[in-house]
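**Q** curious how this folds, go ahead:
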Amino acid sequence: MELKLKAVSPKIGAELPFPFYATPGSAAMDLCACIDAPVELPPRQIVRLPTGIAIALPSPEYVALVFARSGLGIRHGVALANGVGVIDSDYRGEIQVGLINQSDIPYTVQPGERIAQLAVLPVVQARLSAVSELDETSRGTGGFGSTGK
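**A** Coordinates of the predicted model:
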């Protein structure tokens, strides 16, 4: 499938690369902070950072998901503020990334730093059917921790 990328900042393609897959086996492409100066992320705080790009998914059969970068999370406690970002097929605005610093130490995001990753996946839009009963399973309504550790 073709993913159309639009630079919404003049930095993209000049100072910063378009998103790219780092290796042939990469499932997601890195998104960079498209900022003019370093941004401090204080402990337990959230910042929203622009990426300088917008995308056009080809149809509602696709979604783009923004995920945290594992190195930022493991080394610095920096993760996505909303867990996973969902970019719907009809969104055409700039992709922005909300980061949260879950540590007790301030973290400084540098211009051009890789701050998140973008994966494109297929979507199935479910046909909803309201029912009075659901099929029985061996698990039933067992929830949190019901299957053991």
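
**Q** got a list of contacts for stretch 26-34?
**A** With contact meaning CB atoms under 8 Å, 6 or more residues apart in numbering, stretch 26-34 is reached by 9, 11-12, 16-17, 19-22, 39, 49-53, 66-67, 69, 95, 97, 109-119. Glycine gets a C-beta too; all of them are placed from N, C-alpha and C.

**Q** now do the end-to-end distance for that stretch.
**A** Distance across stretch 26-34, first residue to last, is 22 Å (CA to CA, to the nearest Å).

**Q** mind listing what's buried in the lowest-mean-pLDDT helix or strand in the chain?
**A** Sorted by mean pLDDT, DSSP states H and E, the helices and strands of the chain end with helix 70-76, the least confident at a mean of 94. Neighbour counts over helix 70-76 (16 or more other CB atoms under 10 Å) mark 72, 76 as buried.

**Q** quick one: buried ones out of the contacts of stretch 26-34?
**A** Buried members of the contacts of stretch 26-34, scored by 16+ other CB under 10 Å, are 9, 11-12, 16, 19, 39, 49-53, 66-67, 69, 95, 97, 109, 113-118.
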